[in-house]
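Undergrad: Sequence and predicted structure are below.
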Amino acid sequence: MPPAIIDIGVNLTHRSFAADLPAVLGRAQAAGVAHMVVTGTSLPGSSRAVELAAAHPGLLSATAGVHPHDAKHWDAGAPQRLATLAERPQVLAIGECGLDFDRDFSPRPDQERCFAVQLELAATTGLPVFLHERKAHARFVGILAEHRARLCDAVVHCFTGTKAELHRYLDLDCHIGITGWICDERRGLHLRELVRSIPPGRLMIETDAPFLTPRDVRPAPRRNEPALLAHVARAVAAARGEPVEALADSSTATACAFFGLRLATG
Ligand SMILES: [Zn+2]
């Protein structure tokens, strides 16, 4: 039996999974993925994530939130709709939310407003937050720090930043999500060094599938999927110089504590 691992960020409502989701879930379980948290990135997308989780109790949960790319659609009714969605038992975190000044698909003032309101919702619901930051570290940390004391837990998902950024997040008592970016020989090499300084109780793993296919999987898969979390786990364990079983145990325990999850024992 492969060690039990938890994919804390997987976009299973993405159209690329529409045709073969049962097979994708089957391969994930065979690879040791005991639970997956389906990322909500818009109001309709979060709704679909919740329905998907409701259809697979014990295996799937969901987050509910609006990605900074979608912040331009954040209107007066959005906070209430998101709050209602967040009451569903499948929702374990608010997000993904944050700032993305890399692509700037939404105007920055819209991104900032949408982010702050979701942090507020996380504070009032007591749910942890699932955070996205790309090329926006200073502004992101400024907004997060204002709210941090009232938030329970916060994970910076798909961390790809610098050493100074990592330590700023750890100082803010954030958890860190590591994806297959660490397998990228062009732009992920620095992560192999940095993951060594993440305390085990702060480190979780994710695929962010169907995006970010680990570049060193052979033969190259046509798309990323949660079964490849086992590959990410091996890469992170190798970088940290620890057995994959130890990394699996600590990241799974950390994810269970963060999301308030209890894995079904079988
Ligand atoms: Zn993201």
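TA: Cool, the structure landed.

Undergrad: show me what contacts residue 146?
TA: Residue 146 sits next to residue 116 when contact means C-beta atoms under 8 Å, 6 or more residues apart in numbering. Just so you know, the C-beta spots here come from the backbone N, C-alpha and C atoms, and that holds for glycine as well.

Undergrad: Can you say which helix or strand has it in it?
TA: Assigned by DSSP states H and E, residue 146 belongs to helix 137-148.

Undergrad: and after that helix, which helix or strand comes next?
TA: Downstream of helix 137-148 (by DSSP H and E), the next one is strand 154-156.

Undergrad: angle of the helix or strand following that following strand against helix 137-148?
TA: Sequence-wise, the next helix or strand downstream of strand 154-156 (DSSP H and E) is helix 163-171. Angle, helix 163-171 to helix 137-148, by axes from the mean of the first three to the mean of the last three C-alpha atoms, to 10 degrees: 10 degrees.

Undergrad: what comes into contact with helix 163-171?
TA: Against helix 163-171 from outside (C-beta under 8 Å, 6+ apart): 137, 141, 156, 159, 176, 190, 193-194, 197-199, 202.

Undergrad: what comes up buried for it?
TA: Buried residues in helix 163-171, counted by 16 or more other C-beta atoms under 10 Å: 165-166, 168-170.

Undergrad: For the contacts of helix 163-171, pick the one with the most neighbours.
TA: For those, the largest number of neighbours (other C-beta atoms under 10 Å) sits with residue 156, at 28 neighbours.

Undergrad: if I pick it, what's in contact with it?
TA: Contacts of residue 156 (C-beta under 8 Å, 6+ apart): 131, 133, 169, 174-177.

Undergrad: how does it look with 7 Å?
TA: By C-beta atoms under 7 Å, 6 or more residues apart in numbering, the contact set of residue 156 is 131, 133, 169, 174, 176-177.

Undergrad: Show me the beta-bridge partners of it.
TA: residue 131, residue 176 (DSSP bridges).

Undergrad: so how far is residue 201 from it?
TA: Relative to residue 201, residue 156 is positioned 15 Å away (C-beta to C-beta, to the nearest Å).

Undergrad: do residue 54 as well
TA: Taken as C-beta to C-beta, the span from residue 54 to residue 201 is 30 Å.
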